[in-house]
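J.: Quick one: sequence and predicted model below, then my questions.
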Amino acid sequence: EAQVTQNPRYLITVTGKKLTVTCSQNMNHEYMSWYRQDPGLGLRQIYYSMNVEVTDKGDVPEGYKVSRKEKRNFPLILESPSPNQTSLYFCASSLRAQGPGTEAFFGQGTRLTVV
Amino acid sequence: RKEVEQDPGPFNVPEGATVAFNCTYSNSASQSFFWYRQDCRKEPKLLMSVYSSGNEDGRFTAQLNRASQYISLLIRDSKLSDSATYLCVVKDSWGKLQFGAGTQVVVTP
């Protein structure tokens, strides 16, 4: 089954404790991205990756890191989480950035609370 | 100003009725347009792409007006299962997706 898988689905952590949210897709998609969703603001892009070893900042990259060592995986790293990073996070992938096949497929989301 | 703006609603719609709503976008160079559906903080799922000539998918009709920079979604014969938040999504020439905050639709018996 074609899918985007995120883990964990729910996480409560303390300020400053490094964490990683994993994202994996089995569709051989080139383009992957991370979003956070906050009430009234819609989804905002954190980082994106056009392909292996190619990553770039989105609209709200502060406090986050990513890597793309393999095509299927795109982990999101919070080196020192803070309460303002409490949010609902989605990973998404699409076949490519441009042209046909640009619709995005989303993971099930990770609800992160930082206390 | 937000890149993509939507009326947050809620639009309360009797079952069987028709509902329509728009979203406006600010980037005239936007390339692709989509409507996504999101249920209760679950992941967004693609409802339909929006093409320049307008397109239908069953009870759903999407229109694009490039001159006025808006997209519309019309739902005919509303079902209870259509209750959800509908996200307007615009892709720019770099492949970046811009999301509206969503329009909530509540279909009532």
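T.: Happy to help now that I have it.

J.: C-alpha only now, for contacts and for neighbours.
T.: Noted.

J.: Return the residues of chain B in contact with chain A.
T.: Counting by CA under 8 Å from any CA of the partner chain, chain B comes close to chain A at B:34, B:42-46, B:49, B:93-102.

J.: Check which element follows the strand or helix carrying residue B:5 along the chain.
T.: Counting by DSSP states H and E, the element that carries residue B:5 is strand B:4-6. The C-terminal neighbour of strand B:4-6 among helices and strands, as given by DSSP H and E, is strand B:11-14.

J.: And the next helix or strand after that next one, what does it pack against?
T.: Later in the chain than strand B:11-14, the nearest helix or strand by DSSP H and E is strand B:19-25. Judged by 3 or more CA pairs under 8 Å, 6 or more residues apart in numbering or on different chains; DSSP states H and E, the packing partners of strand B:19-25 are strand B:4-6, strand B:70-75.

J.: Deepest-packed of those strands, please.
T.: strand B:4-6 (a mean of 22; mean count of other CA atoms under 10 Å in any protein chain shown).

J.: just how off-centre is that strand within its chain?
T.: Its chain's C-alpha centre and that of strand B:4-6 lie 10 Å apart, by CA atoms, centre = their mean, to the nearest Å.

J.: Pull up the pairing partners for it, direction included.
T.: Strand pairing for strand B:4-6, using DSSP bridges, gives strand B:19-25 (antiparallel).

J.: now residue A:9: how far from residue B:50?
T.: Counting by CA to CA, to the nearest Å, the gap from residue A:9 to residue B:50 is 31 Å.

J.: Which one of those two is surrounded by more residues?
T.: Set residue A:9 next to residue B:50 and count neighbours by other CA atoms under 10 Å in any protein chain shown: residue B:50 wins out with 22 against 15.

J.: Just list whatever residues bridge to that one.
T.: In beta-bridge terms (that is, DSSP bridges), residue B:50 pairs with residue B:33.

J.: my guess is it contacts residue B:36, does it?
T.: No. Using CA atoms under 8 Å, residue B:50 is not in contact with residue B:36; the gap is 10.7 Å.

J.: Can I get stretch A:24-39 in CSV, CA atoms only?
T.: This file holds the C-alpha atoms of stretch A:24-39, laid out as CSV (Å, rounded to 0.1, in the frame of the first residue of the first chain):
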residue,chain,number,x,y,z
SER,A,24,9.1,7.4,5.4
GLN,A,25,7.4,7.0,2.0
ASN,A,26,7.3,3.9,-0.2
MET,A,27,6.3,5.6,-3.4
ASN,A,28,9.8,6.6,-4.7
HIS,A,29,8.8,10.2,-4.5
GLU,A,30,11.5,12.9,-5.1
TYR,A,31,9.9,15.7,-3.2
MET,A,32,9.3,15.6,0.6
SER,A,33,8.4,18.3,3.1
TRP,A,34,7.5,19.0,6.6
TYR,A,35,4.6,21.2,7.8
ARG,A,36,3.2,22.4,11.1
GLN,A,37,-0.4,23.2,11.6
ASP,A,38,-1.6,25.6,14.2
PRO,A,39,-5.2,26.8,14.7
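
J.: Could you verify that residue A:84 is part of a helix?
T.: Yes. Per DSSP: H, G, I helix; E, B strand; the rest coil, residue A:84 lies within a helix segment.
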